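> how does the following fold in three dimensions:
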Amino acid sequence: MPWGAAHPTTGDAIAICNGGNDGHCVEASEVVKHRLRRPGKMPGHGDPDDPEVLDKAEKKKLKEDLKSNEEKTEDKEAAKEEKKEEGKEEKKEEAKEEKKEDAKEEKKEDAKEEKKEDAKEEKKEDAKEEKKGDAKEEKKEEAAPAKEEKKASAKEEKKAKAKKVKVPDAEE
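Numbers count the residues shown, from 1 in each chain. Here you go, the predicted model:
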């Protein structure tokens, strides 16, 4: 068989580039790496496209994917739990704030009610004082005419006495 001729069982010969053959040739380093294969031939043991190597690689990828998915789901679950805990804490804080606000509002309402009650009491006291003042004024007014009447009657009596005194003097 001549060199470069196809062998019936192994296929065509691989042309290695040597500077003299241009065109369809392959570097020797590529042939040694088992990356090139003659058409129709099985990959050798350890070739990247060997089914056993591919199966192992796929299994590794699947395992890695499963691990990463599990880690992601664990991370997601942990994140959800953290969010729930944060939500609980936030709810507690909101409840505390609401209680504080309610207490403030109740204090304000109590203060308003106290002011209203104080105002009512002051009005009642003012009304009582006015009634007392009105009663005193009425008494004064009632007493004033009586006093005036007494004064007037006292004056009249004096006048009458003076007249009586004068009159008898005049008659004598």
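> pLDDT-wise, which helix or strand of the chain ranks last?
The weakest-scoring helix or strand in the chain, judged by mean pLDDT, DSSP states H and E, is helix 28-32 (a mean of 75).
> now for that one, which elements pack on it?
If you count contacts as 3 or more CB pairs under 8 Å, 6 or more residues apart in numbering; DSSP states H and E, helix 28-32 packs onto no helix or strand. Quick note: C-beta positions are derived from backbone N, CA and C, even for glycine.
> now the longest helix along the chain: mean pLDDT?
Criterion DSSP state H: the longest helix present in the chain is helix 51-171. The average pLDDT for helix 51-171 rounds to 80.
> with stretch 9-24 instead?
Stretch 9-24 shows an average pLDDT of 77 in the prediction.
> quick one: end-to-end length of it, please.
Using CA to CA, to the nearest Å, one end of stretch 9-24 lies 22 Å from the other.
> give the buried residues for that stretch.
Across stretch 9-24, burial judged by 16 or more other CB atoms under 10 Å covers no residue at all.
> same check on stretch 65-81?
Buried-residue list, stretch 65-81, by 16+ other CB under 10 Å: empty.
> residues making contact with it?
Identification of contacts with stretch 65-81 by CB atoms under 8 Å, 6 or more residues apart in numbering yields no residue at all.
> and Lys124, how many neighbours?
Lys124 has 10 neighbouring residues, counting by other CB atoms under 10 Å.
> Asp110 versus that one, what's the distance?
From Lys124 across to Asp110, the span is 21 Å (CB to CB, to the nearest Å).
> for Lys59, same thing?
75 Å.
> with Ala95 instead?
Counting by CB to CB, the gap from Ala95 to Asp110 is 22 Å.
> with Lys72 instead?
For Lys72, the distance to Asp110 (CB to CB) stands at 56 Å.
> go on, Ala135?
37 Å.
> check for me that His45 belongs to a helix.
No - assigned with DSSP: H, G, I helix; E, B strand; the rest coil, His45 falls outside any helix and is coil.
> what's near enough to touch it?
By CB under 8 Å, 6+ apart, the neighbours of His45 are Glu52.
> and what of Ala135?
Ala135 touches nothing, counting by CB under 8 Å, 6+ apart.
> Ile16 too?
Going by CB under 8 Å, 6+ apart, Ile16 touches Cys25, Val26, Glu27, Ala28, Val31.
> excluding chain neighbours, what is closest to the last one?
Taking CB to CB, 6 or more residues apart in numbering, and ignoring the residues beside it in sequence, Val31 has Ile14 as its nearest neighbour in space, at 5.7 Å.
> if anything else comes up later, I'll come back, but that's it for now.
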